[in-house]
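A.B. asks: sequence first, predicted coordinates after that:
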Number of protein chains: 2
Amino acid sequence: MEIRRADQIANTLEQLVFSGEFQDGERLDELKLAEQFHVSRTPIREALQVLVSSGMAEQIPRRGVFIRQPGPVELIEMFETMAELEAACGRLAATRMSDKDLASLANANDRCQQAIQDTDHDRYYAENETFHQIIYRGAANTFLANQALQLQNRLRAYRRIQLRFRGRMKQSMEEHSQILCALSDGDADLAAQTLRGHVAVQGEKFHQLIATLNR
Amino acid sequence: MEIRRADQIANTLEQLVFSGEFQDGERLDELKLAEQFHVSRTPIREALQVLVSSGMAEQIPRRGVFIRQPGPVELIEMFETMAELEAACGRLAATRMSDKDLASLANANDRCQQAIQDTDHDRYYAENETFHQIIYRGAANTFLANQALQLQNRLRAYRRIQLRFRGRMKQSMEEHSQILCALSDGDADLAAQTLRGHVAVQGEKFHQLIATLNR
DNA sequence: GTCAATATTGTTGTATACAAGATGTTGGAG
DNA sequence: CTCCAACATCTTGTATACAACAATATTGAC
């Protein structure tokens, strides 16, 4: 690791937290991090402040900053919020997407299908994200799109889990088709409803998984 | 001003930005701020990183951080997003609020009405915020509620403008009643729709105001 | 007088120094 | 052996020092 600038350190730390490199409640030792990144404590502290302000870590004065991995409850809340954000994007996108946007959405959907046929999971994840991101942009509301992107990013690691369920991929693709139809028809309510369901089910699958693990 | 701790400085700076203390594009001079707060540059810089990461300022390497006040377009986007967030809260709250929650919501609504009768604008603003916050909490989703609170906070200064329109207060109270009804009935769709409209109109009023100013 | 090259000043970004609170340890009293 | 207090150590939070870069002013050539 050969990173120097403080804001890049914040980004790298963020990715490390997302990828589960740190345990929940673990203290982020400024000195250790400074050594790891080959910098002094100053840029590390600036990066830590960013983590804290984004809610990914908690700061206890004079004690240090402790990373806060979302627990099951918070994760379900985040999935629920994601569902509502996507529904909002879909509602707006239904009346705002151009034919060109719709074409590229259909395209992304085809590439999802292709990836499934090739059983290329990684590519499916990537293309699926693209599909949704096109809808975010289609809402023609940069602020809302950024909110959606941020949460999508935070949930990435957990979203993968749902596809372990048998038949989920096929069902997911059917839902994509319905979403595409609703958006093409300009049916705002239907687009919102379908997207909400499509994303909410991920949260539910996740919930199921947690439940089975705790048994 | 006699503030010492860095995270409090971030908060104070945030409030100063919200209250329009800084012009759009203005550079936040680390030395000047350090003098104003009677601290060294170190805690100031940590606070600035937080501002930047929240999107309230932009950092250009080796040049400084520049505050970024939302322009008309971004503000309209934020109002639209707020409408969708409130709709989401309402949708969930409709099936999750307890009788006790509903009672305190009715209570807050009464206090809004009272404030209007007393023509106490400041109290109306406060009680109106409370009314909406009870709905956020009613969604029983801490993550979503926090998102809503954050945006409510960022839009506070601009929300006041809408009430300058003739008859808006009365109409607003009628909408509150409808919202209360929908939530009491547990009608999720209606609650969402009514809340969306209630908040969206604020954005539209704001839009009107901008339009008239530019003429 | 204008422009280019250079010197000067100012600001950011990082490292280090130091003060103050938190943690851990040792030694003794009961 | 347990509990408590004094001391030593570690960590955070802030100030200061310094290096690198940006902006500006100055000088000199034409």
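C.D. replies: Thanks, I have it. Numbers count the residues shown, from 1 in each chain, chains lettered A, B, ... in the order given.
A.B. asks: what residues are up against the residue most central in space within chain A?
C.D. replies: Centroid check for chain A by C-alpha atoms, centre = their mean gives residue A:152 as the closest residue, at 2.0 Å. Residue A:152 makes contact with A:82, A:129, A:132-133, according to C-beta atoms under 8 Å, 6 or more residues apart in numbering or on different chains. Backbone N, C-alpha and C define where each C-beta goes, glycine included.
A.B. asks: tell me the SS of it?
C.D. replies: Using DSSP: H, G, I helix; E, B strand; the rest coil, the structure places residue A:152 in helix.
A.B. asks: could you pull up the residues touching residue A:171?
C.D. replies: Residues near residue A:171 by C-beta under 8 Å, 6+ apart: none.
A.B. asks: pull out the buried residues from the strand or helix carrying it.
C.D. replies: Per DSSP states H and E, residue A:171 falls inside helix A:168-185. For helix A:168-185, burial by neighbour count (16 or more other C-beta atoms under 10 Å in any protein chain shown) applies to A:169, A:172-173, A:175-176, A:178-180, A:182-183.
A.B. asks: how about stretch A:125-143?
C.D. replies: A:125, A:127-141, A:143.
A.B. asks: distance between the helix ranked longest in chain A and the chain's centre?
C.D. replies: Assignment by DSSP state H gives helix A:188-214 as the longest helix of chain A. Relative to the centre of its chain, helix A:188-214 is centred 14 Å away, using C-alpha atoms, centre = their mean, to the nearest Å.
A.B. asks: again with stretch A:130-147
C.D. replies: Offset of stretch A:130-147 from its chain centre (C-alpha atoms, centre = their mean): 13 Å.
A.B. asks: alpha carbons of that stretch, as CSV, please.
C.D. replies: What follows is stretch A:130-147, C-alpha atoms only, in CSV (Å, rounded to 0.1, in the frame of the first residue of the first chain):
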residue,chain,number,x,y,z
THR,A,130,-25.6,-0.9,-13.9
PHE,A,131,-29.3,-1.7,-14.5
HIS,A,132,-30.3,0.0,-11.3
GLN,A,133,-27.9,2.9,-11.7
ILE,A,134,-29.5,3.7,-15.1
ILE,A,135,-32.8,4.1,-13.3
TYR,A,136,-31.2,6.3,-10.7
ARG,A,137,-29.9,8.6,-13.4
GLY,A,138,-33.2,8.3,-15.2
ALA,A,139,-34.9,10.1,-12.3
ALA,A,140,-33.2,13.2,-13.5
ASN,A,141,-32.5,14.2,-9.9
THR,A,142,-28.8,14.3,-9.2
PHE,A,143,-29.3,14.6,-5.5
LEU,A,144,-31.6,11.7,-5.2
ALA,A,145,-29.4,9.6,-7.5
ASN,A,146,-26.4,10.3,-5.3
GLN,A,147,-28.3,9.2,-2.2
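A.B. asks: is it up against chain B anywhere?
C.D. replies: Yes. Stretch A:130-147 lies within reach of chain B by C-beta under 8 Å from any C-beta of the partner chain, at A:141-144, A:146-147.
A.B. asks: just the ones of these in strands?
C.D. replies: Among those, none falls in strands (DSSP state E).
A.B. asks: can you list these in TSV and add distance to DNA strand C and pLDDT?
C.D. replies: Below are the residues of stretch A:130-147 next to chain B laid out as TSV (distance: C-beta to the nearest atom of the strand, whole Å; pLDDT from 0 to 100):
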residue	distance to DNA strand C	pLDDT
A:141	30	98
A:142	25	98
A:143	26	98
A:144	30	98
A:146	23	98
A:147	26	98
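A.B. asks: tell me which of these is nearest to residue B:97?
C.D. replies: Among the residues of stretch A:130-147 next to chain B, residue A:147 lies closest to residue B:97 (C-beta to C-beta), at 24.6 Å.
A.B. asks: what segments of chain A are helices?
C.D. replies: Listed in chain order, the helices of chain A (DSSP H) span A:6-18, A:30-37, A:41-53, A:72-96, A:99-117, A:121-138, A:142-162, A:168-185, A:188-214.
A.B. asks: pLDDT value on the residue nearest to the centre of chain A, please?
C.D. replies: With respect to pLDDT, residue A:152 scores 97.
A.B. asks: ok, now how distant is the residue lying farthest from the centre of chain A from residue B:5?
C.D. replies: For chain A, the residue at maximal distance from the C-alpha centroid (C-alpha atoms, centre = their mean) is residue A:62, at 32.7 Å. Residue A:62 sits 10 Å away from residue B:5 when distances are taken as C-beta to C-beta, to the nearest Å.
A.B. asks: return the residues of chain A in contact with chain B.
C.D. replies: A:5-7, A:10, A:42, A:45-47, A:49-50, A:52-54, A:59, A:61, A:74, A:77-78, A:80-81, A:84-85, A:87-88, A:91-92, A:141-144, A:146-147.
A.B. asks: other residues contacting stretch A:41-59?
C.D. replies: A:5-7, A:9-10, A:13-14, A:17, A:28, A:30-31, A:33-34, A:37, A:65-68, B:6-7, B:10, B:42, B:45-47, B:49-50, B:53-54.
A.B. asks: which among these are in contact with DNA strand D?
C.D. replies: Contacts with DNA strand D within the contacts of stretch A:41-59, as defined by C-beta under 7 Å from any atom of the strand: A:28, A:30-31, A:65, B:6, B:42, B:46.
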